[in-house]
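**Q** this one's structure only:
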């Protein structure tokens, strides 16, 4: 595994297992920066996470893609939902 892939995996795991809203958002922003570049940080977090998901976990099935994106967004912005759950 190259260094970039390792860093992406580390940020994704940090986002997935975040114990606070601040930690989740920080990890999400770092992941977005790694995958999409520095200019992507200026995007709204939800939009940036969806784009990031399209890069990391593309699907030919639009319904599956939407599900993947929703799970990804939930991990990064979980404080805005009523509960935080980890995607399996």
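**A** Thanks, I have the structure now. Quick caveat: nothing in here was measured; it's all calculated off a predicted structure.
**Q** residue 29 versus residue 57, what's the distance?
**A** 18 Å (CB to CB, to the nearest Å). (Glycine included, C-beta is placed from N, CA and C.)
**Q** what packs against whatever helix or strand residue 73 lives in?
**A** If you go by DSSP states H and E, residue 73 is part of helix 62-76. Contacts defined by 3 or more CB pairs under 8 Å, 6 or more residues apart in numbering; DSSP states H and E place helix 62-76 against helix 3-16, helix 21-36, helix 45-56.
**Q** report the angle between that helix and helix 21-36.
**A** For helix 62-76 against helix 21-36, the angle between stretch directions is 130 degrees (axes from the mean of the first three to the mean of the last three CA atoms, to 10 degrees).
**Q** buried residues, helix 62-76. List them.
**A** For helix 62-76, a neighbour-count test (16 or more other CB atoms under 10 Å) marks 65, 68-69, 71-76 as buried.
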